[in-house]
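Peer 1: fold the stuff below for me.
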Amino acid sequence: MFSAKDRSEVIEKLQKETFDILVIGGGITGVGIALDAAGRGLKVALVEKQDFAAGTSSRSTKLIHGGLRYLKQLEFGLVREVGHERKTVYHNAPHLVIPEKMLLPITDGGSFGKTSASFGIYTYDWLAGVKRSERRSVLDRKQTLNREPLLKKDGLEAGVLYWEYRSDDARLVIEVAKTATEDGALLLNYCEFEEFTYKKKHIAGAKVKDLKTGTSFQIKAKRTINAAGPWVDNVRSKDEEVKGKRLHLTKGIHLVFDHKRFPLRQAVYFDVADGRMIFAIPRDNATYVGTTDTTYTDKIERPHVTKEDVEYVLNATNNAFDIEPLTEADIQSTWAGLRPLIHEDGKSPSELSRKDEIFISEHGLISIAGGKLTGYRKMAERTVDLAFRQLQASDGMAFTLSKSSSRKLAGGLLHSFKAFVAEIGETELTETELSGLFHKYGNNAIQIISDIDFNASDRTLEILKAELRYCAENEMITELSDFLIRRTGRLYFEKPVADKYATTLNEELGKLLGLSEPQMKASLDTYLSESKDVLTFVE
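Peer 2: Prediction:
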């Protein structure tokens, strides 16, 4: 039950049933909690006021990584946990998690010397339990330039090569959400939390509004978990005044370039003049660079990229790579995301811990904030453990342990692209087209391929239409942006293609979902606005 066509039925069930757990927030933390709880046999409901992953969880650096930088902050426990979690996510969703060698250039005056970098990454590998075949290797200057010829030669001394995992953050959210639905959870996007309901001074659920119809209704729940990401404090304030620990939002932006303009061979983690480090990562026909880390106090929905952000990343990139200097005109797309970190007095954004924390209000609201994409499963496990222990005490429920570490995610049944190609057999699709489908949908791409009209004159459009039909039936899309941004990432990495076919795809979506003319216009207008936003840089 994960299609927009099922909304009415989902809403009816949300109103009629009483749930063990209600989750507010449909990013990676929220859907992870829903999956963990449903996998233990709990009755779970989840509401998200935007689309799934529309906030932070579609706006990360798109890496399932251990966080090498956190060693410098001596956060050994965090590095150990997320390092081990990389393997779990890779095992459960091999179509979304792609091993990627990362190059750390050692430069004169950089963050790491050759010895400290080698020891640091050795420690990183050891803490993360990296298998021997994927442990770091130290390169001399010549070997480093062979790996990435675009690196500036001046000041380059050596390099360290280590393994990270590239991913698609929004797709990970969707696959977790689909799996939670398979396990019995009810999830609904475009459903906004309005206020809590109480019974004997204890939170007993919430009043929510279906933003597609404007209808408000109540959801009854024994425990309510606030996993609203950057909105966590907003939700907390609906229960009681936010005291003590609170969020500190920091913003990170990424710039996307055509790979022909910035033909990077190798993912690189490089120094910036201010002492920070950022990534440059080739991905299909693009290269993206980021991220920044600045305090953010503006509107949380659709955070903006500023001229200052752009200048920072362009300068950092031009200083590190021997290319014709990149300019604002070379940018094909961008995204900006917010990190819901825990405030610590006197610390800059880059110094703030990425550890997650759980807060419990006087009226029983459980809130979770902080954390990293990679660690979502353990964050969910800890949160559900707490809520389940409460249910055990209050309702006599038999506590069970989490099963999520071994739960294959939707699309994750084939262990590799090679296995997928073997499963497909003869096909008219190119390897690039097959790879694009597999690394979004995994084994479910087989269903999409069977729906492609290979006699059509425009192959690209027909593949897009087949994907759209699949997402309309299986991935709760209600408007065009859901598809072109969160389900496929095309606004970020194939913006010319997304813009070219937007009107045609919107018409197709309207037919699939039975949208009215005003609904179709709103759907297209929202996408065109977001398409404009990614290349609008505010002062």
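Peer 1: low-confidence regions, the stretch 1-150 of the chain specifically.
Peer 2: The stretch 1-150 of the chain contains residues with pLDDT under 70 at 66-77, 79, 127-135.
Peer 1: mind listing the strands for it?
Peer 2: For the stretch 1-150 of the chain, the strands defined by DSSP state E, counting those that start in this stretch occupy 18-24, 44-47, 63-64, 98-107, 137-140.
Peer 1: I'd like the ones you listed as CSV, with distance to H84 appended.
Peer 2: Just so you know, the C-beta spots here come from the backbone N, C-alpha and C atoms, and that holds for glycine as well. Shown next, in CSV, are the strands of the stretch 1-150 of the chain (distance: least, Cβ to Cβ, whole Å):
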stretch, distance to H84
strand 18-24, 25
strand 44-47, 26
strand 63-64, 12
strand 98-107, 16
strand 137-140, 22
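Peer 1: deepest of the ones you listed, which one?
Peer 2: strand 44-47 (a mean of 28; mean count of other Cβ atoms under 10 Å).
Peer 1: quick one: distance of that one to the chain centre.
Peer 2: Mean-position distance between strand 44-47 and its chain equals 19 Å (Cα atoms, centre = their mean, to the nearest Å).
Peer 1: next, the contact list for the residue nearest the centre of the chain, please.
Peer 2: Centroid check for the chain by Cα atoms, centre = their mean gives D169 as the closest residue, at 2.8 Å. Each residue near D169 by Cβ atoms under 8 Å, 6 or more residues apart in numbering is listed here: 28, 53, 57-60, 62, 373.
Peer 1: switch to 6 Å and redo it
Peer 2: Contact analysis of D169 by Cβ atoms under 6 Å, 6 or more residues apart in numbering lists 57-58, 60, 62, 373.
Peer 1: list buried residues within the residues you listed.
Peer 2: Buried members of these, counted by 16 or more other Cβ atoms under 10 Å: 57-58, 60, 62, 373.
Peer 1: one step back: and the contacts of D169 as a markdown table, adding distance to L464?
Peer 2: Formatted as a markdown table, the contacts of D169 follow (distance: Cβ to Cβ, whole Å):
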| residue | distance to L464 |
| --- | --- |
| S57 | 23 |
| S58 | 19 |
| S60 | 25 |
| K62 | 21 |
| L373 | 27 |
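Peer 1: which among those gets closest to S405?
Peer 2: L373 (16.8 Å; Cβ to Cβ).
Peer 1: quick one, phi/psi of the closest residue to that closest one other than its chain neighbours?
Peer 2: Closest residue to L373 apart from its sequence neighbours, by Cβ to Cβ, 6 or more residues apart in numbering: S60 at 5.3 Å. Backbone torsions of S60, given as degrees, to the nearest 10, read phi -90, psi -170.
Peer 1: quick one: S60 and K440, what's the gap?
Peer 2: 17 Å (Cβ to Cβ, to the nearest Å).
Peer 1: again, but for V242
Peer 2: 38 Å.
Peer 1: with neighbour numbers in mind, choose between these two.
Peer 2: Set side by side, V242 and K440 show more neighbours around K440, with 24 against 17, by other Cβ atoms under 10 Å.
Peer 1: heading C-terminal from the helix or strand hosting the more buried one, find the next helix or strand.
Peer 2: In the assignment (DSSP states H and E), K440 maps to helix 431-441. Using DSSP H and E, the helix or strand that follows helix 431-441 towards the C-terminus is helix 445-449.
Peer 1: wouldn't G27 be in contact with S60 here?
Peer 2: No. The pair G27 and S60 does not pass the contact test of Cβ atoms under 6 Å, sitting 10.3 Å apart.
Peer 1: would you quantify the distance from H84 to A38?
Peer 2: In terms of Cβ to Cβ, H84 sits 23 Å off from A38.
Peer 1: correction: N146
Peer 2: 49 Å.
Peer 1: more neighbours: the two, which one.
Peer 2: Neighbour totals were compared for N146 and A38, and A38 leads with 27 against 13 (other Cβ under 10 Å).
Peer 1: so what's that one up against?
Peer 2: 44, 180, 183-185.
Peer 1: what's the closest of the strands of the stretch 1-150 of the chain to K152?
Peer 2: strand 98-107 (8.5 Å).
Peer 1: what does the closest one rub up against?
Peer 2: 114, 117, 147-148, 151, 155-166, 266-270.
Peer 1: what is the neighbour count of K207?
Peer 2: Neighbour tally, K207, other Cβ under 10 Å: 14.
Peer 1: surely it touches E192?
Peer 2: No. Look at K207 against E192 with Cβ under 6 Å: they stay out of range, at 9.9 Å.
Peer 1: show me what the lowest-mean-pLDDT helix or strand in the chain packs onto, helices and strands only.
Peer 2: Within the chain, confidence by mean pLDDT, DSSP states H and E is lowest for helix 114-128 among all helices and strands, at a mean of 71. Packing partners of helix 114-128 (3 or more Cβ pairs under 6 Å, 6 or more residues apart in numbering; DSSP states H and E): helix 76-92, strand 98-107, strand 156-166.
Peer 1: now distance to I281 too, for the ones you listed, in TSV please.
Peer 2: Below are the helices and strands packed on helix 114-128 laid out as TSV (distance: least, Cβ to Cβ, whole Å):
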stretch	distance to I281
helix 76-92	16
strand 98-107	8
strand 156-166	7
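Peer 1: quick one: which of the ones you listed is nearest E431?
Peer 2: strand 98-107 (15.0 Å).
Peer 1: which positions within stretch 382-391 qualify as buried?
Peer 2: Under 16+ other Cβ under 10 Å, the buried positions of stretch 382-391 are 382-388, 390-391.
Peer 1: same check, this time on stretch 258-265
Peer 2: In stretch 258-265, counting by 16+ other Cβ under 10 Å, buried: 259, 262, 264.
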